[in-house]
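Chemist: What would the 3D arrangement of this be:
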Amino acid sequence: MEYVANFKRKYKEEIVPALMKEFGYKSVMQVPRLEKIVINQGVGQAVSDRKIIEAAQADLTLIAGQKAVQTFSRKDISNFKLRKNVPIGLKVTLRRDRMYEFMERLINVSLPRIRDFKGINDKLDGRGNYTLGIEEQIIFPEIDMDKINRLLGMEITFVTSTNNDEEAYALLREFGLPFKNAKKN
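Modeler: The predicted structure follows:
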């Protein structure tokens, strides 16, 4: 039997019928879907110390299960002592099974580990995408707390196939993202 990620199976068996009923879609192809998850991490301190970005890249690669790519500055900014083409950030784009596996780990393991967690903000970007800001990478169990020398935050963007915030919100709610004011229609 072929391996299928749990959240992918959940999407096909539970979420698609629920959204078809909620929004009155006539075809399965009208149901919004998760296209990709992009994880961004700004590492501005890396301008002065090259080891910081290498350590952050190793951490982000562990978290995502896929190699993180360095992003480079586009121009010189003297106030920040920044030169053009210096690595200042990292990004990972997850698709297909890795995307569903990461989402499952994020919802079931990592978010509950946040201290005093009361849910996540329910503000989408107006185009059907949702960005979640995380302040510390240590909420992920893959990270060894003893080897961390700097706490770094990250942004996790969920890109959906719809341009409608209401439909995207319903999709992410059905996946189980713990929104603060979960409004069920």
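Chemist: Isn't residue 8 up against residue 100?
Modeler: Yes: in this structure, residue 8 is within contact of residue 100 by C-beta atoms under 8 Å, at 4.6 Å. (Each C-beta comes from the backbone N, C-alpha and C, glycine too.)
Chemist: how about the longest helix belonging to the chain as PDB, C-alpha atoms only?
Modeler: Using DSSP state H to define each element, the chain has its longest helix at helix 50-64. Extracted in PDB, the C-alpha atoms of helix 50-64 (Å, rounded to 0.1, in the frame of the first residue of the first chain):
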ATOM      1  CA  ARG A  50      28.600  34.200   9.400                       C
ATOM      2  CA  LYS A  51      28.100  31.300  11.800                       C
ATOM      3  CA  ILE A  52      24.700  32.600  12.900                       C
ATOM      4  CA  ILE A  53      23.200  32.000   9.400                       C
ATOM      5  CA  GLU A  54      24.800  28.600   9.100                       C
ATOM      6  CA  ALA A  55      23.300  27.500  12.500                       C
ATOM      7  CA  ALA A  56      19.900  28.900  11.600                       C
ATOM      8  CA  GLN A  57      20.000  27.100   8.200                       C
ATOM      9  CA  ALA A  58      20.700  23.800   9.900                       C
ATOM     10  CA  ASP A  59      17.800  24.400  12.400                       C
ATOM     11  CA  LEU A  60      15.400  25.400   9.700                       C
ATOM     12  CA  THR A  61      16.400  22.400   7.600                       C
ATOM     13  CA  LEU A  62      15.700  20.100  10.600                       C
ATOM     14  CA  ILE A  63      12.300  21.800  11.200                       C
ATOM     15  CA  ALA A  64      11.100  21.600   7.600                       C
END
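Chemist: and the helix or strand just after it, what other elements does it pack with?
Modeler: Under the assignment DSSP states H and E, the closest C-terminal helix or strand after helix 50-64 is strand 69-72. Under the contact criterion of 3 or more C-beta pairs under 8 Å, 6 or more residues apart in numbering; DSSP states H and E, strand 69-72 touches strand 87-94.
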